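Novice: Sequence first, then the predicted structure:
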Amino acid sequence: MATYTYQCLECENTFDVQATIQEKEEGKGAQFICPKCHSKKIKQKFSVVRFIGNIFKGDGNGAGCCSEKKSCCCKSKKGPGGCC
């Protein structure tokens with residue numbers, strides 16, 4: 001699971017959501033509601049730190065850059081098709 005940062009459009013509260021890519025794309029579930037005012041009007045905020053962390057976080061299932069089950073690795077393959 002990756003961590004995404006969201007901001008409520010009603011109360012401007014900023015909060016993190018842990019979700020799979022599919023959950024994020026669907027935007028369904030209790031984690032996609034502002035914990036402060038319970039509004040569903042939220043917008044994802046881009047965070048470079050979170051983005052980089054999510055890319056390099058391997059979960060052992062092939063997710064993330066350079067996980068042990070991927071054929072490419074930053075140290076061995078760069079450019080198109082590589083992960084760096």
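Specialist: Yep, that arrived.

Novice: From here on, just use CA atoms for contacts and neighbour counts.
Specialist: Noted.

Novice: so who does Q31 touch?
Specialist: Q31 is in contact with 17-18, counting by CA atoms under 8 Å, 6 or more residues apart in numbering.

Novice: Look up how far N13 lies from it.
Specialist: Taking CA to CA, to the nearest Å as the measure, Q31 falls 14 Å from N13.

Novice: So which residues of the chain form strands?
Specialist: Per DSSP state E, the chain carries strands over the ranges 2-8, 14-19, 42-45.

Novice: Tell me which of these is the most buried.
Specialist: strand 2-8 (a mean of 19; mean count of other CA atoms under 10 Å).

Novice: name the helices or strands packed onto it?
Specialist: Applying 3 or more CA pairs under 8 Å, 6 or more residues apart in numbering; DSSP states H and E, we find strand 2-8 packed against strand 14-19, strand 42-45, helix 48-56.

Novice: what's the burial count for I33?
Specialist: 20 (other CA atoms under 10 Å).

Novice: Quick check: chain neighbours aside, which residue is closest to it?
Specialist: If the residues on either side of it in the chain are set aside, I33 comes closest to K40, at 4.9 Å by CA to CA, 6 or more residues apart in numbering.
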